[in-house]
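Novice: Take a look and give me a structure for this.
(one chain, ligands or ions: 1)
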Amino acid sequence: MAAKAIRAVGKVIKDTTKFLKDSGKGELANDLWNLETEMKNLVVENQKLQDENKKLHEVIDNVKVKEFRDNCYYFDGEGPFCSTCYDVRRIKVRMVERNNNAGSIYNRCPECKNEVFKCETDGPVYYV
Ligand SMILES: [Zn+2]
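Specialist: From the prediction side, this is the model:
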């Protein structure tokens, strides 16, 4: 839940609690106050679980067979993936081939535009 939404819910609970107390419904006000405390605890717990989930995904990525070849990553034989995106942002972006029509083929990252030389061609090849 976004912080803005949490603050909005907190304000509604605070206003409602005050209204209930002023109306002589102190018990209901206490129940609502306890509910707000529980909500805050759940938000904190949810954030901890999200952080833990992120760390576990990083562990899983490191356990997979990661190979660095020709300036690209391969995971369990799949790839090539952009090394810049993976090293900096921990996201796997599949490289796509780009022919420069001058005798060379490059692997290009569609996200960060990183390009690495793949191989020479026999000559200019024009994609139709
Ligand atoms: Zn990239």
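Novice: Please count neighbours and contacts with C-alpha atoms only from this point.
Specialist: Fine.
Novice: and the closest residue to residue 70 other than its chain neighbours, what does it touch?
Specialist: Closest residue to residue 70 apart from its sequence neighbours, by CA to CA, 6 or more residues apart in numbering: residue 118 at 7.3 Å. Going by CA atoms under 8 Å, 6 or more residues apart in numbering, residue 118 touches 70, 104, 105, 106, 107.
Novice: burial measure for the residue nearest to residue 119 when sequence neighbours are not counted, as a count.
Specialist: Distances taken as CA to CA, 6+ apart place residue 105 nearest to residue 119, at 5.3 Å, with adjacent residues excluded. Residue 105 is flanked by 20 other residues according to other CA atoms under 10 Å.
Novice: Pretty sure residue 105 sits against residue 121.
Specialist: Yes - under the criterion of CA atoms under 8 Å, residue 105 makes contact with residue 121 at 6.9 Å.
Novice: So which elements touch the longest helix anywhere in the chain?
Specialist: In the chain, assigned by DSSP state H, the helix with the most residues is helix 26-63. Secondary-structure packing of helix 26-63 (3 or more CA pairs under 8 Å, 6 or more residues apart in numbering; DSSP states H and E): helix 3-22.
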